[in-house]
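[1] return a 3D structure for these sequence lines:
(6 chains, ligands or ions: 6)
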Amino acid sequence: MSSLDPVILFFLLGACAGLAKAELRLPASIYDFVSTLLLLAIGLKGGVELARAGEGIPPVELAALLALGFGLPIPVFLVARYLGRLTRADAASLGAHYGSVSVGTFAVLIGHLAAQGIPYEARAPVWVVVLEVPAILAGIVLARGFGGDVAWKPLLRELLLGRSIVLLLGGLAIGWISGPDGTAAIQPLFFGLFKGILALFLLEMGLIAATQLGALKQNAVFLVLFGVLMPLFGATVGALLGRAIGLSPGGIFVLATLAASASYIAAPTAMRTAVPEANPALSLTASLAVTFPFNILVGIPIYHRLATLVASF
Amino acid sequence: MSSLDPVILFFLLGACAGLAKAELRLPASIYDFVSTLLLLAIGLKGGVELARAGEGIPPVELAALLALGFGLPIPVFLVARYLGRLTRADAASLGAHYGSVSVGTFAVLIGHLAAQGIPYEARAPVWVVVLEVPAILAGIVLARGFGGDVAWKPLLRELLLGRSIVLLLGGLAIGWISGPDGTAAIQPLFFGLFKGILALFLLEMGLIAATQLGALKQNAVFLVLFGVLMPLFGATVGALLGRAIGLSPGGIFVLATLAASASYIAAPTAMRTAVPEANPALSLTASLAVTFPFNILVGIPIYHRLATLVASF
Amino acid sequence: MSSLDPVILFFLLGACAGLAKAELRLPASIYDFVSTLLLLAIGLKGGVELARAGEGIPPVELAALLALGFGLPIPVFLVARYLGRLTRADAASLGAHYGSVSVGTFAVLIGHLAAQGIPYEARAPVWVVVLEVPAILAGIVLARGFGGDVAWKPLLRELLLGRSIVLLLGGLAIGWISGPDGTAAIQPLFFGLFKGILALFLLEMGLIAATQLGALKQNAVFLVLFGVLMPLFGATVGALLGRAIGLSPGGIFVLATLAASASYIAAPTAMRTAVPEANPALSLTASLAVTFPFNILVGIPIYHRLATLVASF
Amino acid sequence: MVTIVTESALERTLVAELESLGVRGFTITDARGKGSRGLRQSDWAQEGNIRVEVICDPAVADRIAARVREKFYDHYAMILFMQDVSVLRSDKF
Amino acid sequence: MVTIVTESALERTLVAELESLGVRGFTITDARGKGSRGLRQSDWAQEGNIRVEVICDPAVADRIAARVREKFYDHYAMILFMQDVSVLRSDKF
Amino acid sequence: MVTIVTESALERTLVAELESLGVRGFTITDARGKGSRGLRQSDWAQEGNIRVEVICDPAVADRIAARVREKFYDHYAMILFMQDVSVLRSDKF
Ligand SMILES: Nc1ncnc2c1ncn2[C@@H]1O[C@H](COP(=O)(O)O)[C@@H](O)[C@H]1O
Ligand SMILES: Nc1ncnc2c1ncn2[C@@H]1O[C@H](COP(=O)(O)O)[C@@H](O)[C@H]1O
Ligand SMILES: Nc1ncnc2c1ncn2[C@@H]1O[C@H](COP(=O)(O)O)[C@@H](O)[C@H]1O
Ligand code: NA
Ligand code: NA
Ligand code: NA
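    Ligands and ions are numbered 1, 2, ... in the order given. As a prediction, this is how the structure comes out:
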């Protein structure tokens, strides 16, 4: 685990400031600015690497990702419904959140991989895009059944045109079209400042996570256990799947981390519209205040070892 | 035309996202931040070059610019009034918009010139400053006549103290006073990140232009034709004038592009106050949703050839 | 004094634009963004230097700083009360403002020291943290007496958890833990862009100071004299104290400048809550519209000579 | 005039609903607040409130209240209140 | 109380007009909305609305309405409405 | 409904005061304005205003007005006014 990455320290600073109720609020527009830069940078980086490698995405991989996305919510739902004794709506909402992915966690992982010089598939940002939506759809079906009274068309439109998907895919396309040379002039902003921007982002995430922690009163024990154990389960599933479809060790690490991560942007928004009777604070607290910190502080090194282990078989 | 500059791809990304009504809104404060950085950077760059070259501005050049600024609105007005059958106020407003200039287009051009290594007069940012206001005054006179009921004093004050003029001139002055060495410590932000910031700016412009396109219902045919042909006419006038006053080939290119560009900030604001009966959506749609995209996507390469041609005589 | 630093020119640009009432308002969120970056950068820089130097803070130094913080408000109060004939509340409020420190002035100083290659104690950001609060407490006691009706607990909480303290200390801690190598990846944002960000910050400060100058109507003569002479007195006290506790010449320069600077963030906020009958415009105008410009334009070079002089004894 | 304070996330849905009820105009401001569903800060765009004002005749106002109560009131942080206002050029509304 | 919702670009002019009518105070918030002149988003500062509240006695309110109607109502996106309010320390207004 | 316009810096204190008076909810928007204590712009977060709305029964409203008058009115830029509103599901308030 070597020494702590300073970006993680920024998260801790934000979290402490938030817990101490320090007057450190950053305006929402700064969060938008910083997260826009991150999403574009991740996409661009992936696109440039794709252009360099000339890679495509094997259909088997795509199918596996879709299976993971649609499938992972089911065990999550069952655990939450029958072990956690949550309502059907709440359990389905947790399924959507934990089946989907967190771009923030992915950004930390990307920084970590670069710092450690670990190679991985250039198309990894595409995995994020593919994994974001299916679990949310699965969560809605778990709550409503297939025939449920859901306005699927506008919902799908909104999901597929969500901020993170548009910016990631847009960045990917621009990076891929322009290639390493074409993007040279914009690299100082998007690549040179990446870690600094990530630090600011994590400062904000720390503040937000701390505020969210205030909601952790009811179901506290279940939510903490769930928020720690479920990512470990997800990571194992992700790592084994990555091995099965022949990813590189770095790629297995990435897929494990993605499966372990839980959505705190796309899933909450969609569930709020489609399954309004689910308590939004419940899933958001688990995802944002327990699982996100767990993943970036403790989880990533664990998933690294897990991936190395799984890859060695 | 070689390969597409990635900053143009950012514009297209924004435009597609806007047309698809994706949830990609960037807060207005980010637009302010990004455009402030751009304006200061353009000014600083020009100032540093001016300090290096020790150039002044020949009086003949100044006179020619003022003639262009005051004169260009007249043909625009006549075309709009008699071919386009617009009201007097609307035609005059188009005159103001198309006689004035777009700093966004200039920023794209600056990036293009730097990327292609084309030399041009260091004082070009001064041209932008000189060209911004006269056409707006001419447009108001076209709408109201000389004796019209216009509060000229506050209007002139507001125009001459507008954001773009203050930031461009301020940047120019600072760059000129401090010179290349003095500004070394602030160059990483203003020069190093220039293209990246420009990319963000164009992403926003794409979003805004797409939203504005929604207003393109009435007069659609006229506005599209006008928004494409008028810049070609303006570019020709600008190029010939540049040749006549002895600018370098690069300078002719710049003046052609400036004459082709249409204002979407200073002119709309001023016309709203001075000629409120003009329909603001009309000119803004032409300028922002037709001419701006046309210029940065197709126009600039055309004006380049035009300038080379004109310069070769 | 050699040539003018361009960041100072940015301040003048902002001030001129503000005085001319140019439409240059920058949204508050940009101020927050820029000042957050500055505070973190100052902290990080100090932390990295501390890690490199392995320095601690001598207890004598701490005691001297506390004495300076608690003591400086007293002469300020006496001058304002008896020479300036201000109300007790107003005089105490001025005491709080001028006894405390301005992080903006410190940022300009840091930039100046780096540009001139003047070495100073790496722990200087800690001095800022230590000096911020005591004078505010002293000011409140001067207004209310020890037994006064003040809600000390929430007030202290808010002061010690204020934005600048949390970000400076947080940056210091992160820089110190991560060291020069650990922070390498975030240095392009926090160190590379430092001067550029400082330029933007000063542009805003110029605008704000100019707006504040509008309030300089009553007590104008007193406030201008006070706002210029008091920093000279403070600088002398600070320089002598720095000499007495054995700081380096650079350190004496820093402490003189800190003592000369007046708070315009923490002090106004705290006095507004604790001593609401003090006229907030009065102290803020003195501190922001007189002393801040005086210090960065004229004061810093003076304090430099003063420090050299004092150090040479 | 009907005023609704609710979750920002509901903006699109609520506007569509209002328009389906024949509303011709509305004004929205961003807000934060506290109510039975706890604190809603605007630090994070997702978590804030919006404050929607609709000037309309009493019949439409009642229809809005009924629709909002039926569709949103149970599951969303939301309040709705009405006031009498006199408007300039009432034919506009 | 008079409330005016109109284009942000009009802020300076409108404030000057109000002050020329003897108004002693006002409160402005940024807003967005939709009306007869279409959607007005605040994405781009230039395109947003402002919401101006003026507490004043009925005579001044009527003068404001008249002036606004004459000077701005035809050419700008704008609505104006009035409400009765009871104020604390009414001598302030 | 009680509406208070005052200095942003007072937000925490005022909210605490309101809650101590038994208020169950409130809505806050950021604002700027002008009054007897001069212009208050929001360019700089510290200098802006907030506009706080509290829906409550008349008794609480009067208590708020009294408390505010006693504690804040003399030393802070502040106005307070009241209006009658009819609320949906009045048991909420
Ligand atoms: N009594 C009240 N007065 C003013 N605003 C309120 C009140 N109660 C609730 N609100 C607003 O309505 C939102 C949703 O309320 P609730 O559904 O009760 O959580 C809150 O976040 C507040 O902004
Ligand atoms: N019926 C309405 N209720 C509330 N606000 C309205 C209404 N009609 C118009 N507005 C507001 O007034 C602005 C200008 O209206 P208009 O001049 O009708 O376009 C709109 O952008 C809205 O913010
Ligand atoms: N007559 C008024 N109408 C509307 N808002 C006002 C009025 N007077 C004051 N205000 C608001 O209340 C704040 C404080 O007022 P004051 O204490 O009079 O300076 C001002 O900044 C305005 O936002
Ligand atoms: Na997951
Ligand atoms: Na032009
Ligand atoms: Na001081």
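[2] helix, strand or coil: sort out whichever residue of the stretch 201-313 of chain A sits closest to chain F for me.
    Nearest residue of the stretch 201-313 of chain A to chain F: A:Thr211, at 15.1 Å (Cβ to the nearest Cβ). The C-beta positions use only the backbone N, C-alpha and C, and glycine is treated the same way. With DSSP: H, G, I helix; E, B strand; the rest coil as the basis, A:Thr211 sits in helix.
[3] residues near the closest residue to A:Pro293 other than its chain neighbours, how many?
    Leaving aside its sequence neighbours, A:Pro293 sits nearest to A:Ala209 (Cβ to Cβ, 6 or more residues apart in numbering or on different chains; 5.9 Å). When counting by other Cβ atoms under 10 Å in any protein chain shown, one arrives at 24 neighbours for A:Ala209.
[4] give me the distance between the residue of the stretch 201-313 of chain A closest to chain F and A:Glu23.
    13 Å (Cβ to Cβ, to the nearest Å).
[5] these two - which one has more neighbours?
    A:Thr211 (21 against 13).
[6] can I assume the more buried one is in contact with D:Gln41?
    Yes: counting by Cβ atoms under 8 Å, A:Thr211 does reach D:Gln41; the two are 7.1 Å apart.
[7] distance from the chain centre to the longest helix belonging to chain D, please.
    For chain D, the helix with the greatest residue count under DSSP state H is helix D:58-71. The chain centre lies 10 Å from the centre of helix D:58-71; the measure is Cα atoms, centre = their mean, to the nearest Å.
[8] for chain D, longest strand please?
    Longest strand in chain D by number of residues, with DSSP state E as the criterion: strand D:26-35.
[9] list the buried residues for stretch A:69-87?
    A:69-70, A:72-73, A:75-77, A:79-81, A:84, A:86-87 (16 or more other Cβ atoms under 10 Å in any protein chain shown).
[10] save the residues you listed as CSV, and put in pLDDT and secondary structure too.
    Output for these, formatted as CSV (pLDDT from 0 to 100; DSSP: H, G, I helix; E, B strand; the rest coil):
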residue, pLDDT, secondary structure
A:Gly69, 97, helix
A:Phe70, 97, helix
A:Leu72, 98, coil
A:Pro73, 98, helix
A:Pro75, 97, helix
A:Val76, 97, helix
A:Phe77, 97, helix
A:Val79, 96, helix
A:Ala80, 96, helix
A:Arg81, 96, helix
A:Gly84, 92, coil
A:Leu86, 94, coil
A:Thr87, 95, coil
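[11] quick one: contacts for the residue nearest to A:Pro293?
    By Cβ atoms under 8 Å, 6 or more residues apart in numbering or on different chains, the contact set of A:Ala209 is A:Phe11, A:Gly14, A:Ala15, A:Gly18, A:Leu288, A:Ala289, A:Phe292, A:Pro293.
[12] repeat for A:Leu113
    Counting by Cβ under 8 Å, 6+ apart, A:Leu113 touches A:Tyr120, A:Gly250, A:Phe253, A:Val254.
[13] so, low pLDDT: which residues of chain D?
    D:42-46 (pLDDT under 70).
[14] and for chain A?
    Scanning chain A for pLDDT under 70 picks out A:1-3.
[15] for ligand 3, what's its nearest residue on it.
    For chain A, the residue closest to ligand 3 is A:Pro27, as judged by Cβ to the nearest ligand atom, at 20.7 Å.
[16] SS state for the nearest residue to that residue once chain neighbours are set aside?
    Nearest residue to A:Pro27, sequence neighbours excluded (Cβ to Cβ, 6+ apart): C:Ser29, at 3.8 Å. Of the three states, C:Ser29 takes helix according to three-state DSSP.
[17] how far away is C:Ser29 from ligand 1?
    The gap separating C:Ser29 from ligand 1 is 21 Å, by Cβ to the nearest ligand atom, to the nearest Å.
[18] is residue 4 in a helix, a strand, or coil?
    I'll assume chain A. Under three-state DSSP, A:Leu4 falls in the coil class.
[19] my question was about chain D
    Applying three-state DSSP: D:Ile4 is strand.
[20] so who does the residue nearest the centre of chain A touch?
    Centroid check for chain A by Cα atoms, centre = their mean gives A:Ser102 as the closest residue, at 1.4 Å. Counting by Cβ under 8 Å, 6+ apart, A:Ser102 makes contact with A:Ser261, A:Ala262, A:Ser263, A:Tyr264, A:Ser287, A:Thr291, A:Phe292, A:Asn295.
[21] let's have those residues in a markdown table, adding distance to C:Ala64, neighbour count and secondary structure.
    Below are these laid out as a markdown table (distance: Cβ to Cβ, whole Å; neighbours: other Cβ atoms under 10 Å in any protein chain shown; DSSP: H, G, I helix; E, B strand; the rest coil):
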| residue | distance to C:Ala64 | neighbour count | secondary structure |
| --- | --- | --- | --- |
| A:Ser261 | 50 | 33 | coil |
| A:Ala262 | 51 | 31 | coil |
| A:Ser263 | 53 | 32 | coil |
| A:Tyr264 | 48 | 29 | coil |
| A:Ser287 | 49 | 28 | helix |
| A:Thr291 | 48 | 30 | helix |
| A:Phe292 | 44 | 28 | helix |
| A:Asn295 | 46 | 26 | helix |
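[22] one step back: name the residues of the longest strand of chain D that are buried.
    Of the residues in strand D:26-35, D:Phe26, D:Thr27, D:Ile28, D:Thr29, D:Asp30, D:Ala31, D:Arg32, D:Gly33, D:Lys34, D:Gly35 count as buried by neighbour count, 16+ other Cβ under 10 Å.
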